[in-house]
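please find the sequence and the predicted model below.
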Amino acid sequence: MEIVPEKVPLIDLSRPLFGSWKIYIERCCLLALRAIKASFMRIPPRVQPAASELADVTNDGARARNICYLAGSSGDWGGASRVLFSNLEMLNRVHYRPIVLLPSPGPIEPRLKRLGIRYEIWGKDHEPDGKLQYVVDILRVARFFKRNHVELLHINHAGYWRPAEVLAAKMARIPIVTHYHRTIREPGPFVKYSSLILAVSEYTANHSEPRSAPKVVIHNSVQLDRFDQARDVRNEFGLGESDVVVSFVGQIRTIKGIDLFIEMAHRIPGRGIKFLIVGECRDPGKFEGSYTEERLRAEIGSDERIRYVGYRSDVENVYRSSDIIVMPSRWGEPFGLINIEAGAARKPIVSTRDGGIPEIICDGENGLLVEREDLAGLIRCTTLLIEDKALRLRMGQRAREIVERRFTELPIRMLEQAYDGLIRRGVAADLPN
């Protein structure tokens, strides 16, 4: 069916340009979006797959689903990105074919190539940058979705405002999944168009807006192979085999409680006890509450037992080389990936009874919990594990069992079920009139 535009000139030269600009550009947007919608409605059903697509047909005759991911990151630079790329590796690739849109070239590319996962250097989400450019962006995204037979859009963050990707997906009736890796109190206006919001914890779901949007809790997952194949790197850090190593792994920021960890280390005596700090120091002007390396080393002072080793991509080796993990977070942690990574490595953790952490750690079973800002409790629990090796081993083994049961395959299968349900129903919220 041919699209017939309204018989209205795009620019009426009989009127002042600035007085008519908003009206006519909005009409341009409307016509473009109608064209997108009609274009997708004209896609004929594919009764017989092309020869190039036969490899994408499963044993039961179903075609592999094309899932498009807006990554938001081009590297393993934090919990959200680490979870996304881990999930992609564990996703059933017989039934799902991921297409990852990266914001820039980055260190994740070799891993995606090794896994045979298609990716594009896409740039950042295409937010409005002038109405004409916005229309161009919508058309470009729509063509990409149509050309690649995208059946679902998964946005791995909730920091977007009005991206062209969302509008193009809605017009094409492509379901949109928005992944909440943190609590969202003031979401952007287009988040409400999500067909489903994935929350990493009950805490995140219950403390996030919009309340009216459908939400499902799917906890983060972890790959056990990565931790099972880890190696001891104590020699690299100047640590002895008999040392008891207590580690902090994560962002070097105030909200993560790095100052509490350092103060705890100063107050726990013993030359055979070493404290490891692993993470990246960043510019506090760009990342609020971040530590510079100068500030961090100033707080460490002359205590030679505390070692700062910077950012490590091989965190599995850090866990393998540690005896105890401490996570003194103070900001209402949405999930706390460190908690399940420690469990995967069979290490007990001392963590904060806050945010989504109690959904993972059962106090006294797979770790120990303290209240937020409770330095005395942090010292007491860490000292207990330092002095009782049998307790460390027993708690670490129980942590591994819980991770195996709840935080490996189960979240991935739940994610796949969510995808299937959305694709089958073709869920997509209508645009406002």
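It's in.

quick check: buried residues in stretch 146-158?
Lys146, His149, Val150, Glu151, Leu152, Leu153, His154, Ile155, Asn156, His157, Ala158 (16 or more other CB atoms under 10 Å). To be clear about C-beta, it is placed using only N, CA and C from the backbone, and glycine gets the same treatment.

could you check how far that stretch is from the centre of its chain?
Distance of stretch 146-158 from its chain centroid, counting by CA atoms, centre = their mean, to the nearest Å, is 16 Å.

before we move on, back to that, can I get the buried residues of stretch 146-158 in TSV including pLDDT, distance to Ser86 and secondary structure?
Formatted as TSV, the buried residues of stretch 146-158 follow (pLDDT from 0 to 100; distance: CB to CB, whole Å; DSSP: H, G, I helix; E, B strand; the rest coil):
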residue	pLDDT	distance to Ser86	secondary structure
Lys146	96	30	helix
His149	96	26	coil
Val150	97	22	coil
Glu151	97	22	coil
Leu152	98	19	strand
Leu153	98	20	strand
His154	98	14	strand
Ile155	98	17	strand
Asn156	97	12	coil
His157	94	16	coil
Ala158	93	19	coil
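
Val309 against Phe237, yeah?
Yes. The pair Val309 / Phe237 is scored as a contact, 5.9 Å apart, by CB atoms under 8 Å.

which strands and helices lie in contact with the helix or strand hosting Glu401?
Assigned by DSSP states H and E, Glu401 belongs to helix 389-406. If you count contacts as 3 or more CB pairs under 8 Å, 6 or more residues apart in numbering; DSSP states H and E, helix 389-406 packs onto helix 337-344, helix 375-387.

adding mean neighbour count, write those helices out as JSON lines.
Listed next are these as JSON lines, based on neighbours: other CB atoms under 10 Å:
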{"stretch": "helix 337-344", "mean neighbour count": "27"}
{"stretch": "helix 375-387", "mean neighbour count": "18"}
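
need those helices in TSV with mean pLDDT and distance to Arg424, can you?
Output for these, formatted as TSV (pLDDT from 0 to 100; distance: least, CB to CB, whole Å):
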stretch	mean pLDDT	distance to Arg424
helix 337-344	97	30
helix 375-387	98	47
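
right, and those - which one's nearest Ile184?
helix 337-344 (18.0 Å; CB to CB).

do you know how far Leu296 is from His219?
Remark: distance between Leu296 and His219 (CB to CB, to the nearest Å) = 31 Å.

same question for Ala390.
29 Å.

and for Ser329?
Taking CB to CB as the measure, Ser329 falls 17 Å from His219.

what of Ser73?
The value you get for Ser73 to His219, if CB to CB is used, is 20 Å.

please apply the same query to Asp363.
Asp363 is 18 Å from His219, by CB to CB.

of the two, which one has the most company?
Using other CB atoms under 10 Å as the criterion, Asp363 and His219 rank with His219 on top: 19 against 13.

residue contacts, the nearest residue to the more buried one once chain neighbours are set aside?
For His219, ignoring the flanking residues on the chain, the nearest one in space by CB to CB, 6 or more residues apart in numbering is Pro411 at 5.3 Å. Shown in contact with Pro411 (CB atoms under 8 Å, 6 or more residues apart in numbering): Asn87, Ile218, His219, Asn220, Ser221.

please look at Val200 and His181 and confirm they touch.
Yes. Counting by CB under 8 Å, His181 is a contact partner of Val200 at 5.6 Å.

give me the common contacts of the two.
In contact with both Val200 and His181: Val83, Pro334, Phe335, using CB under 8 Å, 6+ apart.

which of those fall in helices?
Members of the shared contacts of Val200 and His181 lying in helices (criterion: DSSP state H): Val83.

now tabulate the shared contacts of Val200 and His181 in TSV and tack on distance to Val177 and neighbour count.
Listed next are the shared contacts of Val200 and His181 as TSV, based on distance: CB to CB, whole Å; neighbours: other CB atoms under 10 Å:
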residue	distance to Val177	neighbour count
Val83	14	22
Pro334	17	25
Phe335	17	25
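
ok, so of the shared contacts of Val200 and His181, who is nearest Leu101?
Val83 (16.8 Å).

touching, Pro358 and Leu369? I think so.
Yes. Counting by CB under 8 Å, Leu369 is a contact partner of Pro358 at 6.8 Å.

more neighbours: those two, which one.
Neighbours were tallied for Pro358 and for Leu369 using other CB under 10 Å; the higher tally belongs to Leu369 (19 against 16).

how about low-confidence regions in this structure?
1-62, 427-433 (pLDDT under 70).

strands of that one, start to end?
For the chain, the strands defined by DSSP state E occupy 65-70, 96-102, 118-121, 152-155, 176-180, 196-199, 215-217, 244-249, 273-278, 306-310, 324-327, 349-352, 368-370.

buried set for the third one?
Buried residues in strand 118-121, counted by 16+ other CB under 10 Å: Tyr119.

partners of Val100 in the sheet?
Tyr69, Tyr119 (DSSP bridges).

contacting residues around it?
So Val100 contacts Tyr69, Ala71, Leu88, Leu112, Ile117, Arg118, Tyr119, Glu120 (CB under 8 Å, 6+ apart).

what residues go with each domain of this protein?
63-221+410-425, 224-407 (automatic domain parsing).

grab the nearest non-local neighbour of Ser104.
Ser74 (5.1 Å).

got the contact list for the residue lying closest to Gly377 once chain neighbours are set aside?
Computed as CB to CB, 6+ apart, the closest residue to Gly377 that is not its neighbour in sequence is Val370, at 3.7 Å. Listed by CB under 8 Å, 6+ apart, the contact set of Val370 reads Pro328, Val350, Ser351, Thr352, Arg353, Gly377, Leu378, Cys381.

okay, and the beta partners of Val370?
Bridge pairing for Val370 (DSSP bridges) gives the partners Thr352.

going forward, count from 268.
Okay, using 268 as the starting number, the last item reads as Val637.

count of residues packed around the closest residue to Asn359 other than its chain neighbours?
Distance criterion CB to CB, 6+ apart; nearest residue to Asn359, sequence neighbours excluded, is Glu683 at 6.1 Å. The tally of other residues near Glu683 (other CB under 10 Å) stands at 18.

now swap in the one 10 residues further on and tell me
Other residues within reach of Gly693 by the criterion other CB under 10 Å amount to 11.

how much space separates the nearest residue to it once chain neighbours are set aside from Leu420?
Leaving aside its sequence neighbours, Gly693 sits nearest to Arg440 (CB to CB, 6+ apart; 5.7 Å). To Leu420, Arg440 is 11 Å away according to CB to CB.
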